[in-house]
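Colleague: fold the following, please.
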Amino acid sequence: MNIKRQLTMRFVLQLAIAGLVVLLIAAITVLWVVKRFADISVSHDFASVGLARLVESSELGQNGIRFDPHLLEQVKKNDGWLQSLDENGQVEQSYNTPKDVPLRYNPGELIAYWKGEKPYPYHLYLWIQDKGSKRYTLLYGAPNQIDPLLNEASISGKLSSGGKLLLSGETMAQIELLGGFVQLLDSAGNELASYNRPESIPANYTLQELSLRTLYNERYGYHFASSYEDKTGHTWVVGLPNARSSTGGNNLLVPEEAKVVLIGIIAMFTAILVLFLLLSLWNAHRFGVPMLHMLTWLDTLGKGEYKEPADHKGVRHSRTHLGKWRRRYRVFAEVMHSIDQLSDTLQRDQALRHQTDSLREEWIAGITHDLKTPLSSITGYAHLLAEPKYEWSVEEVRKFSSSMLDKSAHMDVLISDLAMTYRLKTGVRPPEAEEVDLNSWLRGALEKAAANPEFGVDRIVFYESQRAVVVNLYTPWLERVVNNLTANSLLHNPSDTVLTVSILADEGLTIQFADNGTGMDEDTLNKLFERYYRGTDTSSTPNGTGLGMAVSKGLIESMGGRITVETALGRGTIIRLIWH
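Modeller: I've put the predicted structure just below:
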């Protein structure tokens with residue numbers, strides 16, 4: 001699996017997981033908002049909403065009905081109480097019940113309290129339901145503070161001549177204690193007088209306004225109760241703040257439901273922001289650190305340091321102590337491996353450049369020495385011949401001239417080999433080839449080479465092909481290769497070494513040079529065709545320039561062939577020139 005596919009799969013998986021988490025956060029937020037709405041609805045109107053939920057969540061056990069503790073706590077917060085009655089009106093269970101609440105009810109007594117026909121300090125709400133084989137009556141009571149205040153205000157309240165509402169001291173104290181208000185309206189709904197009315201409460205009412213505030217008290221923050229006088233057409237209005245609310249004005253400005261929605265939205269977006277922040281930090285740790293490490297590595301390569309960056313202890317960040325890739329680096333393993341290979345290659349190239357520079361310097365020093373040696377001889381002989389003090393004989397002049405010619409020929413070979421190596425490096429091609437019979441041509445070339453007195457007698461054996469071999473080759477180059485290989489074999493081996501040259505024309509064309517000399521080690525074999533590998537000394541013959549093998553390889557390849565070497569120490573050397 002390549003790095004592109006791995007990264008694609010990883011990022012797609014991350015986005016999918018992040019999307020699922022966002023959906024989960026949104027779902028949790030919606031559930032929380034819905035639950036809070038339900039709790040608010042219960043707190044505002046427990047008699048209508050909470051009582052039904054209390055009955056639905058109840059369970060029948062051995063000790064009677066068991067209610068939801070959370071809803072029971074809401075009963076207490078609303079200053080209410082709860083009783084469970086059996087079919088005979090006997091209280092079986094109770095919760096937060098005041099002392100003035102009876103423990104048993106007669107049928108007519110309960111109905112009188114419920115309908116308000118008999119004075120009772122509590123509003124009563126009934127819920128009858130069958131549980132198992134029994135029928136239970138759930139009785140919920142809440143303090144009835146508004147009706148007594150309304151009765152007191154309508155009975156004792158008066159409108160003064162100055163338009164001021166007069167109430168008894170006890171009534172005013174109770175209204176202030178409860179945070180309520182009293183209004184006296186005329187027949188058109190306009191306020192005649194009021195006591196302790198907050199600014200959020202209107203001074204004029206339409207039929208719809210008063211009806212809505214009476215029916216939907218949770219919207220306006222106050223419970224409303226009103227009493228109409230037939231004689232005067234006046235209406236007394238008493239309002240008390242809802243449970244768990246301080247002032248209706250604040251609730252009108254920011255309803256509790258809006259607060260819940262706002263909190264839910266803020267919490268949801270905060271959680272999503274934290275999620276993506278953590279995801280970004282994780283991605284920075286998971287993918288950013290390896291990428292930064294690779295960039296640092298490449299930067300060190302550009303500075304000529306061909307090793308992977310490591311800490312102060314020399315431990316590489318991408319590897320474990322066992323040498324394996326660390327987990328966050330595995331996805332970039334292909335790139336890291338390529339950079340590692342590049343580092344190794346650059347290290348090898350650097351070492352090779354240093355070695356090549358060293359060999360070049362040695363070779364130049366050798367070539368310079370080799371050129372100076374024959375040049376010194378030529379200069380010396382020239383001075384001798386030009387010296388007027390001496391009269392040289394004809395034989396001496398010929399001897400001096402012969403030495404000067406030999407040294408000049410040696411210098412010519414050196415310069416020619418050097419020029420040829422650079423010509424071959426630039427891709428020079430041979431002149432137009434000529435058609436030759438290889439058997440006869442190679443025999444003649446070897447006989448000419450064997451005439452060299454330095455090689456010795458009978459050290460070259462030639463086996464021609466059994467059939468005629470006609471080729472198109474540039475013979476001056478081929479002759480130079482033959483001379484180089486012959487000299488390399490006979491001059492750098494013991495004097496009893498025999499060189500066997502064969503033409504093999506079974507498949508393609510092969511000219512084989514095999515000797516029974518000392519052979520070469522692996523290091524010498526690997527550097528055999530390098531231009532700067534071997535220099536010459538002052539005793540070298542013209543065939544020992546140190547460039548012969550490099551020139552031979554270049555010439556053969558320029559003529560469309562290739563050269564191979566097979567050798568081992570003590571087993572001689574076989575060099576093949578191959579054309580297919």
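
Colleague: figure out the helix or strand that residue 155 lives in.
Modeller: Taking DSSP states H and E as the definition, residue 155 sits inside helix 146-156.

Colleague: now do whichever helix or strand comes after that helix: which elements does it pack against?
Modeller: The helix or strand immediately downstream of helix 146-156 is strand 158-159, counting by DSSP H and E. Packing partners of strand 158-159 (3 or more Cβ pairs under 8 Å, 6 or more residues apart in numbering; DSSP states H and E): strand 165-166. Any C-beta I mention is one placed from the backbone N, CA and C, and that applies to glycine too.

Colleague: how about a cut-off of 10 Å?
Modeller: Judged by 3 or more Cβ pairs under 10 Å, 6 or more residues apart in numbering; DSSP states H and E, the packing partners of strand 158-159 are strand 165-166, strand 191-195.

Colleague: tell me the bridge partners for residue 85.
Modeller: Taking DSSP bridges as the rule, residue 85 bridges to residue 91, residue 137.

Colleague: follow-up on the earlier one: figure out which of the helices and strands packed on strand 158-159 is closest to residue 119.
Modeller: Checking these against residue 119 by Cβ to Cβ gives strand 191-195 as the closest, at 24.4 Å.

Colleague: and the closest one, which strands flank it?
Modeller: When DSSP bridges is applied, strand 191-195 pairs with strand 181-185 (antiparallel).

Colleague: restrict stretch 100-109 to CA atoms and write it as PDB.
Modeller: Taking Å, rounded to 0.1, in the frame of the first residue of the first chain, the C-alpha atoms of stretch 100-109 are listed here in PDB:
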ATOM      1  CA  ASP A 100     -52.400  20.700  58.700                       C
ATOM      2  CA  VAL A 101     -53.100  18.200  55.900                       C
ATOM      3  CA  PRO A 102     -55.400  15.300  56.900                       C
ATOM      4  CA  LEU A 103     -54.300  11.600  56.800                       C
ATOM      5  CA  ARG A 104     -57.700  10.400  55.700                       C
ATOM      6  CA  TYR A 105     -60.400  11.800  53.500                       C
ATOM      7  CA  ASN A 106     -64.100  11.200  53.200                       C
ATOM      8  CA  PRO A 107     -65.400  11.200  49.600                       C
ATOM      9  CA  GLY A 108     -67.400  14.300  50.000                       C
ATOM     10  CA  GLU A 109     -64.700  16.100  52.000                       C
END
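
Colleague: quick one: distance of it to the chain centre.
Modeller: Centroid separation for stretch 100-109 versus its chain: 74 Å, with Cα atoms, centre = their mean, to the nearest Å.

Colleague: what does that stretch contact?
Modeller: With contact meaning Cβ atoms under 10 Å, 6 or more residues apart in numbering, stretch 100-109 is reached by 81, 83, 85-86, 88-92, 94, 97, 110-114, 117-118, 120-122, 124, 137, 139, 141.

Colleague: try it again with 8 Å
Modeller: Outside stretch 100-109, the residues within contact range by Cβ atoms under 8 Å, 6 or more residues apart in numbering are 81, 83, 85, 89, 90, 91, 94, 113, 118, 121, 122, 141.

Colleague: how about that stretch: buried residues?
Modeller: Residues 101, 105 are the ones in stretch 100-109 that count as buried (16 or more other Cβ atoms under 10 Å).

Colleague: related to what we said a few turns ago, can you pull the buried residues of the helix holding residue 155?
Modeller: 146, 147, 149, 150, 151, 152, 153, 154.

Colleague: quick one: contacts of it?
Modeller: With contacts defined as Cβ under 8 Å, 6+ apart, helix 146-156 is touched by 116, 121, 167-168, 170-171, 174-175, 178, 180, 182, 223, 225-227, 229, 236, 238-240.

Colleague: mind doing that once more with 7 Å?
Modeller: The contact list for helix 146-156 (Cβ atoms under 7 Å, 6 or more residues apart in numbering) reads 167-168, 171, 174-175, 180, 182, 223, 225, 227, 236, 238, 240.

Colleague: tell me the angle that helix makes with strand 181-185.
Modeller: Interaxial angle, helix 146-156 versus strand 181-185 (axes from the mean of the first three to the mean of the last three Cα atoms, to 10 degrees): 50 degrees.

Colleague: toward the C-terminus, what is the element adjacent to the helix or strand residue 477 falls within?
Modeller: Assigning secondary structure by DSSP H and E places residue 477 in helix 475-491. Scanning forward in sequence from helix 475-491 by DSSP H and E, the next helix or strand is strand 499-504.

Colleague: quick one: work out the angle between that following strand and helix 475-491.
Modeller: 140 degrees.

Colleague: got a list of contacts for strand 499-504?
Modeller: By Cβ under 7 Å, 6+ apart, the surrounding residues in contact with strand 499-504 are 438-439, 442, 446, 459-465, 469, 486, 489-490, 510-515.

Colleague: got the angle between whichever helix or strand comes after that strand and strand 499-504?
Modeller: Using DSSP H and E, the next helix or strand after strand 499-504 towards the C-terminus is strand 509-515. If you take the same axes, to 10 degrees, strand 509-515 sits at 160 degrees to strand 499-504.

Colleague: list the residues that contact the spatially closest residue to residue 180 that is not a sequence neighbour.
Modeller: Spatially, and ignoring its direct neighbours in sequence, residue 180 is nearest to residue 240 (4.2 Å; Cβ to Cβ, 6 or more residues apart in numbering). Applying Cβ under 7 Å, 6+ apart, we find residue 240 in contact with 145, 146, 178, 180, 222, 223.

Colleague: what is the mean pLDDT for the top helix by length along the chain?
Modeller: Secondary structure of the chain per DSSP state H: the longest helix is helix 333-386. Averaging pLDDT along helix 333-386 yields 82.

Colleague: make a markdown table out of the helices and strands packed on strand 158-159 and add mean neighbour count.
Modeller: A markdown table is the format used below for the helices and strands packed on strand 158-159 (neighbours: other Cβ atoms under 10 Å):
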| stretch | mean neighbour count |
| --- | --- |
| strand 165-166 | 17 |
| strand 191-195 | 18 |
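
Colleague: okay if I get these as CSV plus distance to residue 8?
Modeller: Rendered in CSV, the data for those read as follows (distance: least, Cβ to Cβ, whole Å):
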stretch, distance to residue 8
strand 165-166, 79
strand 191-195, 73
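
Colleague: so which of those is nearest residue 284?
Modeller: Each of these has some distance to residue 284 by Cβ to Cβ; the shortest is strand 191-195, at 65.7 Å.

Colleague: follow-up on the earlier one: tell me which two of the contacts of stretch 100-109 sit farthest apart.
Modeller: Within those, two members stand farthest from each other by Cβ to Cβ: 90 and 121, at 21.8 Å.

Colleague: hmm, back to that, CA atoms only for the helix holding residue 477, dumped as CSV, please.
Modeller: Extracted in CSV, the C-alpha atoms of helix 475-491 (Å, rounded to 0.1, in the frame of the first residue of the first chain):
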residue,chain,number,x,y,z
THR,A,475,40.9,-1.8,-37.1
PRO,A,476,43.2,1.0,-35.7
TRP,A,477,41.1,1.1,-32.5
LEU,A,478,40.9,-2.7,-32.3
GLU,A,479,44.7,-2.9,-32.8
ARG,A,480,45.2,-0.5,-29.9
VAL,A,481,42.9,-2.6,-27.7
VAL,A,482,44.9,-5.8,-28.7
ASN,A,483,48.2,-4.1,-27.9
ASN,A,484,46.9,-2.8,-24.5
LEU,A,485,45.5,-6.2,-23.5
THR,A,486,48.6,-8.0,-24.6
ALA,A,487,51.0,-5.6,-22.8
ASN,A,488,48.8,-5.7,-19.6
SER,A,489,48.9,-9.5,-19.6
LEU,A,490,52.6,-10.0,-20.3
LEU,A,491,54.2,-7.1,-18.5
